[in-house]
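1. Structural data only, the sequence is not supplied:
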């Protein structure tokens, strides 16, 4: 199995919280898409992953992939078909991130010509006031309109993103957002606390004391409410920030949490392979340099060969995010008895505090442990 990630770094405007690599220079879209398709030709599946592999998921992320024109989207999928067709699985999950206001009848018509069968949409909140604070382009009503159009276009797998912990947001306001999201009947929901990443406008506002961060107790109460309401509505809480109706877990994102190899195409995109050695690699986080090097027939990637300790630490910080947790037998096979004993010695401490549990050969966080997951994971990390 393998995944294919394609980074589309274009945004019409930049949200104040965003720390991902993106640009508002839309005039570069055509040259960028040409470079993407050329990179596909240069990085076949076997060459990129070091082994024969079948692509099971495709994910167009960003940035805002829905900022591409219909012709540019068609060009990307023609490139995928041309260069990776022989490696395609029959039952692929193909996700495209969209902004609600980009979902128009015209875009839906384009989607009907593409193999896209899953849409991930950044709703963030259903408060127009908070949307304006984030510098989002859409309003709350456009989220509902977008879902209606997508349903009419035959998209049967829709995911929406929410944020909580806005400055001065109340528990009641967050409850309204959750209930609104549930009423839309999306198959999947991702919910994240508002993060103050260094270098963002939001972080600068915090440093200038123009806004105040939500206190930890309120964050906790909001997270508890999220879990209670989503699970009561029939959603599976399968990862710290993710909820899905039965059968609708994000297969692509799950591959990141379960060490499935993937190819990343585009500026700032990351790749991961397990053979002939375990390696992470990433493209230049500069759209100008990316286009130039690809146009010249070169791929300039930085890479890191992962030793056992790094791989173990990565496993801790990914697998423990999920309801499945860590498969204990895999620890023995992959890392050996000494790593297994180290893991279990630490795990016993947290099991005694009811922060972790072993079930069916898997070590996982309890609900109580989820609230302090970062602290627990750090206890397992090898220096």
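-> Great, that's in hand. Since the structure is predicted, the reported quantities are computational estimates derived from the model, not experimental observations.

2. can you give me the strands for the stretch 251-383 of the chain?
-> 262-265, 270-273, 279-283, 301-305, 326-327, 356-359, 362-365 (DSSP state E, counting those that start in this stretch).

3. Identify, out of those strands, the most deeply packed stretch.
-> Most buried of the strands of the stretch 251-383 of the chain by mean neighbour count (mean count of other C-beta atoms under 10 Å) is strand 262-265; its value is a mean of 25. Where you see a C-beta, it was placed from the backbone N, CA and C, and this is true even at glycine.

4. Quick check: mean pLDDT of that one?
-> Per-residue pLDDT over strand 262-265 has a mean of 95.

5. Tell me how many other residues surround residue 228.
-> Per other C-beta atoms under 10 Å, the neighbour tally for residue 228 reads 12.

6. Can you name every helix or strand that the strand or helix carrying it contacts?
-> In this assignment (DSSP states H and E), residue 228 forms part of helix 216-232. With contacts taken as 3 or more C-beta pairs under 8 Å, 6 or more residues apart in numbering; DSSP states H and E, helix 216-232 sits against strand 158-164, helix 171-183, strand 188-193, strand 236-239.

7. Now do it against strand 158-164, angle only.
-> Helix 216-232 and strand 158-164 meet at an angle of 160 degrees, taking axes from the mean of the first three to the mean of the last three C-alpha atoms, to 10 degrees as the criterion.

8. In helix 216-232, which residues have enough neighbours to count as buried?
-> 218, 219, 222, 223, 226, 227, 229, 230 (16 or more other C-beta atoms under 10 Å).

9. And stretch 27-39, by the same measure?
-> Taking 16+ other C-beta under 10 Å as the criterion, stretch 27-39 shows 29, 31, 32, 33, 34, 35, 36, 37, 38, 39 as buried.

10. quick one: average confidence on it?
-> 96.

11. Kindly reformat the helices and strands packed on helix 216-232 as CSV containing distance to residue 78, mean neighbour count and mean pLDDT.
-> Formatted as CSV, these follow (distance: least, C-beta to C-beta, whole Å; neighbours: other C-beta atoms under 10 Å; pLDDT from 0 to 100):
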stretch, distance to residue 78, mean neighbour count, mean pLDDT
strand 158-164, 25, 21, 97
helix 171-183, 35, 17, 98
strand 188-193, 28, 20, 96
strand 236-239, 33, 18, 97
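
12. Including distance to residue 299, could the ones you listed go into JSON lines?
-> Listed next are those as JSON lines, based on distance: least, C-beta to C-beta, whole Å:
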{"stretch": "strand 158-164", "distance to residue 299": "31"}
{"stretch": "helix 171-183", "distance to residue 299": "40"}
{"stretch": "strand 188-193", "distance to residue 299": "31"}
{"stretch": "strand 236-239", "distance to residue 299": "32"}
